[in-house]
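Colleague: how would this look folded up:
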Amino acid sequence: MTGFAVVIAVAAAAWPLLPRRYESTASVIMRPTDEEGRFDRGQSLRQPLDESAIQSEMDLMGSPAIAATVIARHQLAIDPEFGRDPNNWKTTLSHWARENIPLFSGAAETPATSNTELRQTLQKHLNISRDRRSYTVKLGYWSSDPVKAAAMTETLLSAYLEDQSARKRRLTEKFSDGLTERVESLRAKQGNSERAVSQFMAASDLVDSATQTSLENQLSALGREAAEARTRYINATTRTELQKNMVIDGASEVRSSSFEPSAKESNAVEATRSVAWLRDNRLVVQSPGLPANPEAEAKGWAAKEAVLRRAMKAIREELASRRQAELKLEQLRQEAATDKSVLDAALTRLKEQAVRTATLGPDVEILAHPEAPIRPIFPDPLLAIIGTFFAACLAGAAMIWRPLSIKARHILAAH
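Modeller: This next block holds a predicted model:
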């Protein structure tokens, strides 16, 4: 019983001296990374969990940048729990010895804790856990002071939210700058397309729509004149042939108004048929106002018809050229319309991006802010009682076992 009592007494005396560890935690809910799920809770619940994104966010919670913010805000470099306190008794005694004792005057001053050591120590105090497979993540620090643990956890939470907002802002600004550059490029392209349409219309003379009508009227008039010239050419050619082949009473002139064939001459049958054809088609073989040489007249009409045909060909070529120009103009207009529609879509997207930037916030919903813990997580009273009782039993058994073993040896030696 003595050993049992000693262990219990020692444990009771040591219990108040054991260092306490208080842990403060904050709970946050990660929003989905999809655009629709960020603003629609029902949509976010239907989305599959993005494991990689949440794990990346958990890694960012312990990043050096956030740790540096916590270290600077709470001055952990001079905190005895994390760094070296310049006012503790060891530092004060070392400084006094270097100043007053010649033997220690050349001793090097104890170096301050580096930022790397501070971050490593702070990382050991950090606790980040995830509640099953949900979006809920718990983060916080533990410390010997419950108030300090809650303050450090609050700083961790705010630093993480600020860091996430800054990252999103940088990405959004970069995306907005890209959209702005694209809009400027599309606006320049659309302006070039509009200028190309205007310049092509001016160069191809498609601005004046009356030119097309004038050319068509000219072509129609030239066609009528060419047809008339062709008719007169045929008339003159026919009269020339008649003068060469027809002999009517030895006369050299044929009058269409009083032309009648002579039945006395049997060798003029063919000529009579030609004259009948002329009469049926109302062709004038010769009139007092016509030149006496129908062959020259035929050549004149043929030349006039050739000139008219060439003029008609030139107009047709110009009309064909204008038609090709109209097709080209239609193509340019379609390209300009396409550029304008693309520009309008880019402007709409830029406006939506501006609204999204104005309402930018972290993709985290704070479920619970950190609070100062009431009970420490270490040491655990229940485990301490169980351990103390087990150790006391072992100590008592050991103290009882030794006398019994000595007595047993004496009995065995007596026999």
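Colleague: and for Glu295, the neighbour number?
Modeller: Glu295 has 15 neighbouring residues, counting by other CB atoms under 10 Å. In short, each C-beta sits where N, CA and C put it, glycine included.
Colleague: likewise for Ala67?
Modeller: 22.
Colleague: how close does it sit to Pro370?
Modeller: 17 Å (CB to CB, to the nearest Å).
Colleague: same check on Thr153?
Modeller: Per CB to CB, Thr153 is found 4 Å from Pro370.
Colleague: Thr155: neighbouring residues, count only.
Modeller: 19.
Colleague: got it, and the one 5 residues further on?
Modeller: The number of residues packed around Tyr160, counting by other CB under 10 Å, is 23.
Colleague: doesn't Thr69 make contact with it?
Modeller: No: in this structure, Tyr160 is not within contact of Thr69 by CB atoms under 8 Å, at 9.3 Å.
Colleague: what about Thr153 and Pro370, which has more around it?
Modeller: Counting neighbours by other CB under 10 Å for Thr153 and for Pro370 shows that Thr153 has the greater number, 26 against 22.
Colleague: element containing that one, please.
Modeller: helix 146-203 (DSSP states H and E).
Colleague: domains for the protein, by residue range?
Modeller: 1-16+379-415, 210-347 (automatic domain parsing).
Colleague: circling back to that earlier point, overlap in contacts of Thr153 and Pro370?
Modeller: Listed as contacting both Thr153 and Pro370 by CB atoms under 8 Å, 6 or more residues apart in numbering are 24-26, 140.
Colleague: list just the nearest of the residues you listed to Gln75.
Modeller: Lowest distance from Gln75 to the shared contacts of Thr153 and Pro370 (CB to CB) belongs to Ser24, with 18.4 Å.
Colleague: quick one: low-confidence parts of the stretch 151-300 of the chain?
Modeller: Within the stretch 151-300 of the chain, the stretches with pLDDT under 70 are 207-208, 246-292.
Colleague: show me where the stretch 301-415 of the chain has its strands.
Modeller: Taking DSSP state E, counting those that start in this stretch, the strands of the stretch 301-415 of the chain run over residues 364-368.
Colleague: for the residue positioned nearest the centre of the chain, which non-adjacent residue is spatially closest?
Modeller: Centroid check for the chain by CA atoms, centre = their mean gives Phe175 as the closest residue, at 7.3 Å. The spatially closest residue to Phe175, leaving aside those adjacent along the chain, is Gln353, at 6.7 Å (CB to CB, 6 or more residues apart in numbering).
Colleague: and what of Asp163?
Modeller: Ile66 (5.9 Å).
Colleague: Gln353 contacts Ser176, doesn't it?
Modeller: Yes: checked against CB under 8 Å, the pair Gln353 and Ser176 is within contact range at 5.3 Å.
Colleague: anything in contact with each of the two?
Modeller: With CB under 8 Å, 6+ apart, Gln353 and Ser176 have no common neighbours.
Colleague: on that earlier part again, tell me the contacts of the residue nearest to Asp163?
Modeller: Shown in contact with Ile66 (CB under 8 Å, 6+ apart): 60, 156, 159-160, 163.
Colleague: next, the angle from the helix or strand hosting it to helix 146-203.
Modeller: According to DSSP H and E, Ile66 maps onto helix 64-74. Angle of helix 64-74 versus helix 146-203, following axes from the mean of the first three to the mean of the last three CA atoms, to 10 degrees, is 130 degrees.
Colleague: still on that earlier bit, packing partners of the helix holding Thr153?
Modeller: Helices and strands touching helix 146-203, by 3 or more CB pairs under 8 Å, 6 or more residues apart in numbering; DSSP states H and E, are strand 22-30, helix 51-61, helix 64-74, strand 136-143, helix 294-358, strand 364-368.
Colleague: the shortest one pairs with which strands, and in what direction?
Modeller: The one in question is strand 364-368. strand 22-30 (antiparallel) (DSSP bridges).
Colleague: give me the mean pLDDT for stretch 71-87.
Modeller: Average pLDDT, stretch 71-87: 81.
Colleague: return the set of buried residues in it.
Modeller: Across stretch 71-87, burial judged by 16 or more other CB atoms under 10 Å covers 71, 74, 76-77, 79, 82-84.
Colleague: what about that stretch, distance to the chain center?
Modeller: Relative to its chain's centre, stretch 71-87 lies at 46 Å (CA atoms, centre = their mean, to the nearest Å).
Colleague: try stretch 361-375
Modeller: The answer for stretch 361-375 is 34 Å, by CA atoms, centre = their mean.
Colleague: need the contact partners of it.
Modeller: Residues contacting stretch 361-375 (CB under 8 Å, 6+ apart): 22-31, 33, 38, 136, 140, 146-147, 149-150, 153-154, 157, 160-161, 164-165, 168.
Colleague: among these, the buried ones, what's the PyMOL command?
Modeller: Listed next is the PyMOL selection for buried residues among the contacts of stretch 361-375, using 16+ other CB under 10 Å:
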select buried, resi 22+23+24+25+26+27+28+30+31+136+140+146+149+150+153+154+157+160+161+164
